[in-house]
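Asker: sharing a model that was predicted from the sequence below.
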Protein chains: 2
Amino acid sequence: MNQEKIDWKKGNGLLPTIIQEEKNREVLMLAYSTKESLEKAFQTKQGWYYSRSRKKLWRKGETSGNTQKLKKVFVDCDKDTLLFKVEQKGNACHLNKKNCFEEIK
Amino acid sequence: MNQEKIDWKKGNGLLPTIIQEEKNREVLMLAYSTKESLEKAFQTKQGWYYSRSRKKLWRKGETSGNTQKLKKVFVDCDKDTLLFKVEQKGNACHLNKKNCFEEIK
């Protein structure tokens, strides 16, 4: 993995990670990555992240079964945001919706 | 605007904002919003954000001309991430690419 393109210092080691369904380009959720969670994601080709509330690595779907196959990883030009393209099994949101977003007006 | 759905305290008043091209669902960039920048975005229907480096509100494209028409705004189930669906004029990235993301392997 081409880690030198990522500036982990910028987010104190914790970078926002946009998660998008690869096929239809739906934005599913935002999570946070650490160097360690990203390595695990690359190794296992699964959606691994860092939980800020539980303060530990977590694999998306480890309790719900709604796992994510990791297809591609991108970093932005500021080197401080990641984008995962995934294949989502079932719903991404814990509220039993495909994605975590609701419109506000 | 239905602001009570947003928890501004969570990011110390600064929330990550995913910016997506409405038509083809391309993820263009990530920016940060404050209560004030979001109000400006709603009022003007343009991509207004908060620049962490310059410590001030900025309108996307104010120097480059590559502005964003704001079409829809979403908040996630944790109330701490925003998603803007926009119509991007020209390129979103300052590196003269449509979006800010580059694949890492």
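Answerer: Cool, got the structure. Numbering: from 1, shown residues only, chains lettered A, B, ... in the order given.
Asker: do the longest strand anywhere in chain A and chain B meet?
Answerer: As assigned by DSSP state E, the longest strand anywhere in chain A is strand A:68-76. Yes. Judged by C-beta under 8 Å from any C-beta of the partner chain, strand A:68-76 comes into contact with chain B at A:Lys72, A:Val73, A:Phe74, A:Val75, A:Asp76. C-beta: built from backbone N, CA, C; applies to glycine.
Asker: how about that strand: buried residues?
Answerer: Under the neighbour-count criterion of 16 or more other C-beta atoms under 10 Å in any protein chain shown, strand A:68-76 has A:Gln68, A:Leu70, A:Val73, A:Phe74, A:Val75, A:Asp76 buried.
Asker: need the residues of strand A:68-76 next to chain B in TSV with pLDDT, can you?
Answerer: Converted to TSV, the residues of strand A:68-76 next to chain B look like this (pLDDT from 0 to 100):
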residue	pLDDT
A:Lys72	98
A:Val73	98
A:Phe74	98
A:Val75	97
A:Asp76	97
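Asker: closest to B:Lys23 out of the residues you listed?
Answerer: A:Phe74 (20.1 Å; C-beta to C-beta).
Asker: does any part of the helix or strand in which A:Ile19 is found sit near chain B?
Answerer: According to DSSP states H and E, A:Ile19 maps onto strand A:15-21. Yes. Between strand A:15-21 and chain B, judged by C-beta under 8 Å from any C-beta, the touching residues are A:Pro16, A:Ile18, A:Gln20.
Asker: contacting residues for A:Glu36?
Answerer: When contacts are counted by C-beta atoms under 8 Å, 6 or more residues apart in numbering or on different chains, A:Glu36 is found next to A:Tyr50, A:Leu57.
Asker: surely it is within a helix?
Answerer: Yes. Under DSSP: H, G, I helix; E, B strand; the rest coil, A:Glu36 sits within a helix.
Asker: from chain B, how far out is A:Ala31?
Answerer: 10 Å (C-beta to the nearest C-beta, to the nearest Å).
Asker: these two touch, right, A:Val86 and A:Leu70?
Answerer: Yes. In this structure A:Val86 lies within contact range of A:Leu70 using C-beta atoms under 8 Å: 5.7 Å.
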